[in-house]
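Student: next one to model:
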Amino acid sequence: MKKTINWGVLGAAAIATGRTMPALNEAPSATLLALASRDGAKGRAAAEALGVPRVYASYDELLADPDIDAVYVPLPNQLHLEWSVRALEAGKHVLCEKPLCLTAAQVTQLCAVRDRSGLHIEEGFSFRNHPQWAKLDDLLASNAIGPVRAVHATLAKQFLDPADVRNNPAAGGGALYDLGSYAISACNLIFKRQPTRVVAALEHDPAFGIDRLSSALLDYGDRHAAFTVATQAGPSSWGSHQQLSVLGATGWLRLDFPYAHGRPSACRIELGDATSVGSFPTETFTFEPVNQYTLQVERFSRLLLGHQEASWPIEDALGTLRTIEALFESGRSGAWQVLPRP
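Tutor: This next block holds a predicted model:
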């Protein structure tokens, strides 16, 4: 019986070499077998530093390797669809960085390829693997704060490098695609569905052309969510500013580091119940530093090996992209946009 999943990585992007590839080396159920890079020197250097035994000069060469079981796709956003499709068609399972695609239509196309191939594909939101999200689910399921009424989210960081793909509109740059996808995904995880309609205010960088300050109101019918994401606000350090709060009928929850942990960090969930005053919590749940990327590839690998593990269908990405598209249209029109039914 197979004990580990052999992984290949398409491209030596910073998130791959700095986070996911080290995680693949740490995860007991994963074996980092191959790296493909169109930049030969960069690929060889990354492979040597990370102990990768096989290095390919093209992505197609890696996909043709019969020993590769799963492929990680950290390529620029506009290449996610193409290489996820190629990997599935080559018989490989796929973990693709977020956002999975640039449009909802692309996600629909990817769902069809997945169904045809019978293989597994997920969007690489590492935050979903953090134990604080399992605890959040438990608290909501136990009615700790009553029925959820609203969610508020904020993410911000200084992305000022003109060469950063986040500042390239053609590559899916901007606050909504990069940071907004976290906020929308989190809201949909909490509400277990996509919103029915949305409205947005977007402010664009005059030089880059990307949305650099985006605020949105999401209407879930009997529940609401609001978020602000910004690529030229907050800190310029290794981690973005992040907050998430959940307002319930009888209390509230607040997460101080809910999304991407660029470095494993301690974090907490604060709970306020019917007896709390102001923003002072009644109870606090603390979490020691964990590597979300290692948890992600270990869970994914164990799932492929036949173990009972959580997984998130890429239909979740369909709801996220429908929301992003509607928010861009709302920003242009200034009007509410109704989302298509799932």
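
Student: can you give me the helices for the chain?
Tutor: With DSSP state H, the ranges of helices along the chain come out as 14-15, 21-26, 40-50, 59-63, 80-89, 104-117, 131-141, 175, 181-191, 292-304, 315-333.

Student: I'd like these laid out as TSV, including mean pLDDT.
Tutor: Formatted as TSV, the helices of the chain follow (pLDDT from 0 to 100):
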stretch	mean pLDDT
helix 14-15	92
helix 21-26	97
helix 40-50	93
helix 59-63	97
helix 80-89	98
helix 104-117	98
helix 131-141	98
helix 175	98
helix 181-191	97
helix 292-304	98
helix 315-333	97
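
Student: most tightly packed of those helices?
Tutor: Comparing the helices of the chain by mean neighbour count (mean count of other CB atoms under 10 Å), helix 175 ranks first with a mean of 30. For glycine as for every other residue, the C-beta is placed from the backbone atoms N, C-alpha and C.

Student: what's the closest of the helices of the chain to L255?
Tutor: Of all those, it is helix 131-141 that lies closest to L255, at 6.5 Å by CB to CB.

Student: helices or strands up against that closest one?
Tutor: When contacts are defined as 3 or more CB pairs under 8 Å, 6 or more residues apart in numbering; DSSP states H and E, helix 131-141 sits against helix 181-191, strand 252-255, strand 267-272, strand 283-287.

Student: distance to V113 for those - can I get that in a markdown table?
Tutor: A markdown table is the format used below for the helices and strands packed on helix 131-141 (distance: least, CB to CB, whole Å):
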| stretch | distance to V113 |
| --- | --- |
| helix 181-191 | 21 |
| strand 252-255 | 35 |
| strand 267-272 | 36 |
| strand 283-287 | 37 |
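
Student: that older thread, which of the helices of the chain sits closest to P340?
Tutor: Nearest of the helices of the chain (CB to CB): helix 315-333, 6.4 Å.

Student: give me the helices and strands touching that closest one, please.
Tutor: Secondary elements touching helix 315-333 (3+ CB pairs under 8 Å, 6+ apart): helix 104-117, helix 181-191, strand 197-204, strand 211-219, strand 337-338.

Student: pLDDT score for M1?
Tutor: Note on M1: pLDDT of 68.

Student: and if you look at L10?
Tutor: L10 is assigned 98 on the pLDDT scale.

Student: you'd agree it is up against Y59?
Tutor: Yes - between L10 and Y59 there is a contact at 4.9 Å, judged by CB atoms under 8 Å.

Student: shared neighbours of the two, which are they?
Tutor: Counting by CB atoms under 8 Å, 6 or more residues apart in numbering, the common neighbours of L10 and Y59 are 36, 83.

Student: for D273, list the residues it contacts.
Tutor: Shown in contact with D273 (CB under 8 Å, 6+ apart): 144-145, 250-251, 282-283.

Student: now list the buried members of these.
Tutor: Listed as buried from the contacts of D273 are 144-145, 251; burial here means 16 or more other CB atoms under 10 Å.

Student: would you turn those residues into a markdown table with distance to N167 and pLDDT?
Tutor: Output for those, formatted as a markdown table (distance: CB to CB, whole Å; pLDDT from 0 to 100):
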| residue | distance to N167 | pLDDT |
| --- | --- | --- |
| A144 | 41 | 97 |
| I145 | 39 | 98 |
| G251 | 40 | 98 |
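
Student: adding distance to R86, write those residues out as TSV.
Tutor: Output for the buried ones among the contacts of D273, formatted as TSV (distance: CB to CB, whole Å):
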residue	distance to R86
A144	45
I145	45
G251	48
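
Student: nearest to F191 among those?
Tutor: After measuring those against F191 - CB to CB - the closest member comes out as I145, at 14.1 Å.

Student: wait, isn't the closest one in contact with I190?
Tutor: No - the pair I145 / I190 is not scored as a contact, 11.4 Å apart, by CB under 8 Å.

Student: quick check: neighbours shared by the two?
Tutor: Among the neighbours of I145, those also in contact with I190 (CB under 8 Å, 6+ apart) are V246.

Student: OK, contacts around the most centrally placed residue in the chain?
Tutor: Centre of the chain computed as the mean C-alpha position; nearest residue by CA atoms, centre = their mean is F125, 2.8 Å away. Listed by CB under 8 Å, 6+ apart, the contact partners of F125 are 98, 182, 185, 312.

Student: and if you look at A326?
Tutor: Contacts for A326 (CB under 8 Å, 6+ apart) come out as 197-198, 337-339.

Student: which among those end up buried?
Tutor: 197-198, 337, 339.

Student: now render the residues you listed as CSV, adding pLDDT.
Tutor: Formatted as CSV, the buried ones among the contacts of A326 follow (pLDDT from 0 to 100):
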residue, pLDDT
R197, 98
V198, 98
Q337, 98
L339, 97
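
Student: okay, those residues in a markdown table with distance to P206 next?
Tutor: Listed next are these as a markdown table, based on distance: CB to CB, whole Å:
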| residue | distance to P206 |
| --- | --- |
| R197 | 30 |
| V198 | 25 |
| Q337 | 25 |
| L339 | 30 |
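
Student: closest to E82 among the residues you listed?
Tutor: If you rank these by distance to E82 using CB to CB, L339 comes first, at 26.1 Å.

Student: and T294, how close does it get to G51?
Tutor: According to CB to CB, to the nearest Å, T294 stands 16 Å off from G51.
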